[in-house]
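Asks: Fold the following and give me the result.
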Amino acid sequence: MLIRINAFGRPFRWIFQSAVAALDRARVPAGFLTLASFTLCIIAGILFGTGRFFSAGIAMIPAAASDLLARPLAHRQPRIDYFGAFLKSVLHRYADLAVFVGLLVYYSTVNRFLFALLTGFVIAGAVMVSYSQARAESLIDRCRVGFWERPQRLVLLILGSLLNWIPDALPIALLILAIGSNFTVVHRIYHTWRETEGRRVVTVPEQSASVSQQALPFADSPVPARSEFRGETPAPPEKKDPHLRDVLARAAKRGA
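Replies: Got it, this is the predicted structure:
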């Protein structure tokens, strides 16, 4: 009999939902978890810079847990905090840079040029994964394709740090992150291209518009609307799309 993989995650899902509910009952703001994760990542970056990889991995475990709990906790809270979502995105980028810059400092001090270069590719991928999503979602509704987002990057980095007693365990994790994160960026570029191909707007060239304006007699005088000739009431202006507010609210709660 086949066993679904999702069945293994049900106990952990129940623990996860119970933790979110407990934090919500305790009125813990989601921003507090974001700040805690940021602080722990700064500490992990300092530990990476001094070569204490195992301690850095231990420090990143509660940082990753805080990130996983912050988003569903924000969904439970009734108030939409737009600035909190913005601040969360900024602190996440600084937290990622702190961790990887710590690794870059360590590999530079021990003269491991290839590993330092590999860390640089990881930094570029980590920054561009978030930027590509933010830029794409200014054009389309949603762009969450790809796998190597921040939670996955933290989990793999934690595993590489804790298994550092295995030769080159952390560089292998960095190699996977360098390839996977940049591939996610390429995937999001392709997805955005597919989504925007059907939304091209055909504009009238300015030269054609000027020619048609010159062809009309009395072009300088304003042309009254058709409703003015008939004595009709002009149509009311179109209302703004209510879908826009839904998109902004979802983006604020998500904090990309």
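Asks: switch to C-alpha atoms for all contacts and neighbour counts from now on
Replies: Fine.
Asks: so where is the chain shaky, pLDDT-wise?
Replies: Applying pLDDT under 70 to the chain picks out residues 1-11, 80, 198-256.
Asks: Now do the helices in it.
Replies: Taking DSSP state H as the test, the helices found in the chain are 6-25, 30-49, 53-76, 82-109, 113-136, 150-162, 169-197, 206-215, 226-230, 242-254.
Asks: Any chance of the ones you listed in CSV with mean neighbour count and distance to Cys143 as columns?
Replies: Shown next, in CSV, are these (neighbours: other Cα atoms under 10 Å; distance: least, Cα to Cα, whole Å):
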stretch, mean neighbour count, distance to Cys143
helix 6-25, 13, 24
helix 30-49, 22, 22
helix 53-76, 20, 17
helix 82-109, 19, 16
helix 113-136, 19, 6
helix 150-162, 19, 15
helix 169-197, 18, 7
helix 206-215, 10, 34
helix 226-230, 9, 43
helix 242-254, 14, 11
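Asks: Could you save those helices as CSV and add columns showing distance to Arg144?
Replies: Formatted as CSV, those follow (distance: least, Cα to Cα, whole Å):
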stretch, distance to Arg144
helix 6-25, 21
helix 30-49, 20
helix 53-76, 15
helix 82-109, 15
helix 113-136, 7
helix 150-162, 12
helix 169-197, 8
helix 206-215, 38
helix 226-230, 47
helix 242-254, 11
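Asks: For Arg142, find the nearest of those helices.
Replies: For the helices of the chain, proximity to Arg142 was assessed by Cα to Cα; helix 113-136 is nearest, at 7.7 Å.
Asks: so how far is stretch 91-109 off the chain centroid?
Replies: 19 Å (Cα atoms, centre = their mean, to the nearest Å).
Asks: contact partners of that stretch?
Replies: The contact list for stretch 91-109, computed with Cα atoms under 8 Å, 6 or more residues apart in numbering, reads 34-35, 37-39, 41-42, 44-51, 113, 115-116, 119-120, 122-123, 126-127.
Asks: Kindly export that stretch (C-alpha atoms) in PDB.
Replies: Output in PDB follows, covering the C-alpha atoms of stretch 91-109 (Å, rounded to 0.1, in the frame of the first residue of the first chain):
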ATOM      1  CA  LEU A  91      15.600  42.900   7.500                       C
ATOM      2  CA  HIS A  92      15.500  39.600   5.800                       C
ATOM      3  CA  ARG A  93      17.900  40.900   3.100                       C
ATOM      4  CA  TYR A  94      20.300  42.200   5.700                       C
ATOM      5  CA  ALA A  95      20.100  39.000   7.700                       C
ATOM      6  CA  ASP A  96      21.000  36.900   4.600                       C
ATOM      7  CA  LEU A  97      23.900  39.200   3.800                       C
ATOM      8  CA  ALA A  98      25.200  39.000   7.400                       C
ATOM      9  CA  VAL A  99      25.300  35.200   7.300                       C
ATOM     10  CA  PHE A 100      27.000  35.000   3.900                       C
ATOM     11  CA  VAL A 101      29.400  37.900   4.500                       C
ATOM     12  CA  GLY A 102      30.500  36.000   7.600                       C
ATOM     13  CA  LEU A 103      31.300  33.000   5.500                       C
ATOM     14  CA  LEU A 104      33.000  35.300   2.900                       C
ATOM     15  CA  VAL A 105      35.200  36.800   5.600                       C
ATOM     16  CA  TYR A 106      36.200  33.400   6.900                       C
ATOM     17  CA  TYR A 107      37.100  31.900   3.500                       C
ATOM     18  CA  SER A 108      39.100  35.100   2.700                       C
ATOM     19  CA  THR A 109      41.100  34.900   5.900                       C
END
